[in-house]
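Undergrad: Need a 3D model of the sequence below.
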Amino acid sequence: MRTLAMVALAVMLAATGACLGDLEPAPGGNNGRPDAAPPNNPPPDGGGNNTLSAKEIFEAECNGPLGTKCANCHGAAFDPKFAPSDATKRYDTLKATTAVLGGFDPTKATLIKYQHAATGPGPKGELWSAAEVASWTKWMEAEAKAP
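TA: Residues are numbered from 1 along each chain as shown. Prediction:
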């Protein structure tokens, strides 16, 4: 009888050990303890108000291409002058140059739509890559929604 009890105890311990390895935290992050405070984990979007402002989008995605593709000519030499060589001034300067922004409507913005002529100064043909057009669109849409 003692052997049978030991075998039963061994089986129970083995089964319990196997189950413990498969446990997952309870929803809410408090590991099933109702008295435990949930962890201070940021939401899946990165935490708090993770929405970038229009200016942050511009600085992260548009300022560089504006400088490399436009500033040499549209900084001082050619009208419209919307791309100063000083990167810290591009955002405010471009926002003030409404003629190229189409009211922050990407479908009307000459900044996106205009392609330089085959003759004359400036780059020829496609000015923006598809990724850059997406960045300009994202920025303009954020500006249009900004207070």
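
Undergrad: ok, Asp105 touching Met140?
TA: Yes. At 7.0 Å, Asp105 counts as touching Met140 under the criterion of Cβ atoms under 8 Å. Heads up, the C-betas are built off the backbone N, CA and C, glycines and all.

Undergrad: More neighbours: which of those two?
TA: Met140 (25 against 13; other Cβ atoms under 10 Å).

Undergrad: how close does the more buried one sit to Asp86?
TA: For Met140, the distance to Asp86 equals 22 Å [Cβ to Cβ, to the nearest Å].

Undergrad: Now tell me what touches stretch 62-69 from outside.
TA: Residues from elsewhere that reach stretch 62-69, judged by Cβ atoms under 8 Å, 6 or more residues apart in numbering: 83, 85, 87, 90-91, 94, 123, 127-128, 132, 135-136, 139.

Undergrad: how about a cut-off of 7 Å?
TA: If you take Cβ atoms under 7 Å, 6 or more residues apart in numbering as the criterion, stretch 62-69 is touched by 83, 87, 90-91, 94, 123, 127, 132, 135-136, 139.

Undergrad: again, but for stretch 73-83
TA: 66-67, 70-71, 84-85, 90, 93-94, 97, 99-100, 121-122.

Undergrad: among the helices and strands of the protein, which one scores worst on average pLDDT?
TA: helix 2-20 (a mean of 48; mean pLDDT, DSSP states H and E).

Undergrad: just checking, next helix/strand downstream of it?
TA: Following helix 2-20 in sequence order, the next helix or strand is helix 54-57 (DSSP states H and E).

Undergrad: And stretch 85-98, what's buried?
TA: Neighbour-count burial for stretch 85-98, counted by 16 or more other Cβ atoms under 10 Å, picks out 90-91, 93-94, 97.
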